[in-house]
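Asks: fold the following, please.
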Amino acid sequence: MDFKYETAVTLAQVAEAAGVGESTVSRVLRNHGSFSGKTRDRVMAAVERLGYVPNRIAGTLASAGSRLVAFVVPSLSNIVFADVLRGASSTLEQNQHQAVFAVTDYDPAREEALVASMLAWRPAAVMLAGYEHTQGTVRMLRAASCRIVELLDIDGVALDLAVGFSNHDAGCRSAHYLLQRHYGRIGYVGHDLERDTRAGKRYAGFCETLSAGGSPLVDREIHAGASSVENGRLGLERLLTRSPDLDAVYFSNDDMALGGYFHCLARGISIPSQLAIFGYNGLDIGRVTPQPFSTIRTPRVATGQVAAQLVVENAPAQVVDLGFELIEGATA
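Replies: Residues are numbered from 1 along each chain as shown. Sure thing, here's the model as predicted:
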């Protein structure tokens, strides 16, 4: 069967069908400028009848008012970044901005390539996770004519806007909590600390605080890949095989901690009397386990909301510290 491809309906065709000028159609579709209610009804009826789809990219290139906001995030399998996008999306939509996103898989070189691709669309803003980028990415971002927002971290020097909290302080606070409860043989289970630089900052703060308190980290198990429930379970199993007398384990996040929790259930390890577990992020699943997690709750949705608001307001360069909350829970 032969298929016939129709050419796209143009703005001129909508204007002719509505009996108005192209500039009037443009004003109606952008909801900007003066036009009567009857004119709007005629234009929208023509749009619906003809199936017209506005060329937003052409509009962006023809003016300085881009409505695209590009998110370049490490992962979407990690609910943290989905929560940030969820928080940002409502604010952006209310202000007629459109979010687009790309996923780096924690690869700095891939982040650089994706930032280059996103900047080619001339977005109003580019939002990225953290402060650590390749030199090429930094050069492109500094030369860009859009707002730059670095998310979920404030430990460093921001390029423009930054919204988040101190990962280093979160690690310090987690260690201080365990020391206060007299845990003295503490281990760590985590994922790739070089790629996930925010996890690396938490780990550094955690170890510094343990050492200052006279109980340095006993052992650690680092999975080379991404965090997951399965890797948390396997990581704790390996750690306890080497160091069976640990009395507490700090996990890089709640996904990993959940795997550790399952390992303890399977092996009959009593929590927290035999082994305390402490996580990070304050995910809902950790709150509804039989023993709610001891963890740090991070303001992920609020991070997206505040970041989006700063962009639509064209706020001056600044760093916004949203802080974090320690949840005592029942696992430590």
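Asks: okay, domains of the chain per the record?
Replies: Domain ranges of the chain: 11-54, 65-165+300-322, 167-297, per automatic domain parsing.
Asks: quick check: L275 touching I269?
Replies: Yes - between L275 and I269 there is a contact at 5.3 Å, judged by Cβ atoms under 8 Å. No exception for glycine: its C-beta is placed from N, CA and C like everyone else's.
Asks: the more surrounded of the two?
Replies: Remark: of L275 and I269, L275 carries more neighbours, 24 against 17, as counted by other Cβ atoms under 10 Å.
Asks: got the confidence number for the more buried one?
Replies: pLDDT for L275: 98.
Asks: show me what contacts it?
Replies: L275 makes contacts with 240, 246-249, 264, 269, as judged by Cβ atoms under 8 Å, 6 or more residues apart in numbering.
Asks: could you do E111 as well?
Replies: 72, 104, 128, 133-134, 137.
Asks: got those residues as JSON lines, with neighbour count and pLDDT columns?
Replies: Shown next, in JSON lines, are these (neighbours: other Cβ atoms under 10 Å; pLDDT from 0 to 100):
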{"residue": "V72", "neighbour count": "23", "pLDDT": "96"}
{"residue": "T104", "neighbour count": "20", "pLDDT": "95"}
{"residue": "L128", "neighbour count": "26", "pLDDT": "97"}
{"residue": "H133", "neighbour count": "21", "pLDDT": "96"}
{"residue": "T134", "neighbour count": "15", "pLDDT": "94"}
{"residue": "T137", "neighbour count": "22", "pLDDT": "94"}
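Asks: dump those residues into TSV; add distance to R220 as well.
Replies: Formatted as TSV, the contacts of E111 follow (distance: Cβ to Cβ, whole Å):
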residue	distance to R220
V72	30
T104	25
L128	28
H133	27
T134	27
T137	30
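Asks: can you tell me which of the domains of the chain is nearest to E328?
Replies: Of all the domains of the chain, it is domain 167-297 that lies closest to E328, at 5.9 Å by Cβ to Cβ.
Asks: the most centrally placed residue in the chain: what secondary structure?
Replies: Nearest to the geometric centre of the chain sits F81, at 3.1 Å (Cα atoms, centre = their mean). Using DSSP: H, G, I helix; E, B strand; the rest coil, the structure places F81 in helix.
Asks: any idea how far V103 is from it?
Replies: According to Cβ to Cβ, to the nearest Å, F81 and V103 sit 8 Å apart.
Asks: so what sits against both of the two?
Replies: Common contact partners of F81 and V103 (Cβ under 8 Å, 6+ apart): 73-75.
Asks: now, the residues you listed that are in strands?
Replies: Using DSSP state E, the members of the shared contacts of F81 and V103 that fall in strands are V73.
Asks: and G323, how many neighbours?
Replies: A count of nearby residues for G323, using other Cβ under 10 Å, gives 13.
Asks: now the one 5 residues further on
Replies: Residues contacting E328 under the criterion other Cβ under 10 Å number 12.
Asks: which ones are touching it?
Replies: Contact analysis of E328 by Cβ under 8 Å, 6+ apart lists 177, 294.
Asks: pLDDT value on it, please?
Replies: 97.
Asks: got it, and T7?
Replies: T7 carries a pLDDT score of 60 in this model.
Asks: low-confidence stretches in the stretch 51-200 of the chain?
Replies: The model of the stretch 51-200 of the chain has pLDDT under 70 over residues 53-65.
Asks: and the helices in it, which stretches?
Replies: Taking DSSP state H, counting those that start in this stretch, the helices of the stretch 51-200 of the chain run over residues 56-62, 79-94, 108-119, 135-143, 167-180, 197-212.
Asks: wait, which of these is closest to V20?
Replies: Across the helices of the stretch 51-200 of the chain, V20 has its closest neighbour in helix 56-62 (18.1 Å, Cβ to Cβ).
Asks: just to revisit the earlier point, now do the residue lying closest to the residue nearest to the centre of the chain once chain neighbours are set aside against A8, distance only.
Replies: Using Cβ to Cβ, 6 or more residues apart in numbering and skipping residues adjacent in sequence, the residue nearest F81 is V73, 4.3 Å away. Between V73 and A8 the computed distance is 31 Å (Cβ to Cβ).
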